[in-house]
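[1] take this sequence and fold it.
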Amino acid sequence: MSPRFLNSKKMEAILQEKSFYFLNVTKMTKHVILKEDRTGNLKTGGLKYMTWKTFIAGALAGAVSGYLLNEAVKKNTSLSSETVLANVKKAFKEEGPIDGSWIQMTKEDFAKYAIKTKVYRGGITTSQNGERKQYEFIADAFTGSVLDVYPIS
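    Okay, the predicted model is just below:
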């Protein structure tokens, strides 16, 4: 039969029942392997210690997989339309005061030459030299960068 791995409470009960008092079962770095013989009795098959090499290998594998998962999630996550509009308004405020702004809440497919992405469309109304000017913009939904700005006549 194959070895069974038991949790510490079950192991402690079995070891006390079998009068095995030589092992400190509360120590987290030891694992007792119990083997079942032909009659169904459990016998200790030896001790297995967690070494520093296995601990470091496990920690390293966890760190690498966590980093790769984080990169995969960030790659497929888009910005909210409110965040994109706030970034565009911040850029326009450097030129002058803003009278109004709007943005479409849904993303659109956008293709220009070989570049294909999802975008938000929006608009800004500014006052420059006492004159109102309206602009429309197209911003990338994943990075928030403005792809195009053009005035409305």
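
[2] now the strands for this protein?
    With DSSP state E as the definition, the chain shows strands at residue ranges 30-36, 42-49, 98-103, 108-112, 115-128, 131-140, 146-152.

[3] format those as JSON lines; extra columns: mean pLDDT.
    Below are the strands of the chain laid out as JSON lines (pLDDT from 0 to 100):
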{"stretch": "strand 30-36", "mean pLDDT": "56"}
{"stretch": "strand 42-49", "mean pLDDT": "58"}
{"stretch": "strand 98-103", "mean pLDDT": "90"}
{"stretch": "strand 108-112", "mean pLDDT": "88"}
{"stretch": "strand 115-128", "mean pLDDT": "89"}
{"stretch": "strand 131-140", "mean pLDDT": "90"}
{"stretch": "strand 146-152", "mean pLDDT": "90"}
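
[4] right, and Gly100 touches Thr125 too?
    Yes: using Cβ atoms under 8 Å, Gly100 is in contact with Thr125, at 4.3 Å. C-beta here means a position set from N, CA and C on the backbone, and glycine is covered the same way.

[5] comparing the two, which shows the higher neighbour count?
    Legend: neighbour count by other Cβ atoms under 10 Å for Gly100 and Thr125, higher for Thr125 (15 against 10).

[6] can you pull the contacts of that one?
    Neighbour list for Thr125: Ile98, Asp99, Gly100, Ser101, Arg132, Lys133, Gln134, Tyr135 [criterion: Cβ atoms under 8 Å, 6 or more residues apart in numbering].

[7] is it true that the second one touches Ser127?
    Yes: counting by Cβ under 8 Å, a contact exists between Asp99 and Ser127, whose distance comes to 5.7 Å.

[8] before we move on, the earlier item: distance to Val73 for the strands of the chain - can I get that in a markdown table?
    Formatted as a markdown table, the strands of the chain follow (distance: least, Cβ to Cβ, whole Å):
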| stretch | distance to Val73 |
| --- | --- |
| strand 30-36 | 34 |
| strand 42-49 | 36 |
| strand 98-103 | 24 |
| strand 108-112 | 22 |
| strand 115-128 | 17 |
| strand 131-140 | 18 |
| strand 146-152 | 24 |
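
[9] tell me which of the ones you listed lies nearest to Ala91.
    Set against Ala91 and scored by Cβ to Cβ, the strands of the chain come closest in strand 146-152, at 7.3 Å.

[10] pop the domain breakdown of the protein in here.
    8-75, 81-152 (automatic domain parsing).
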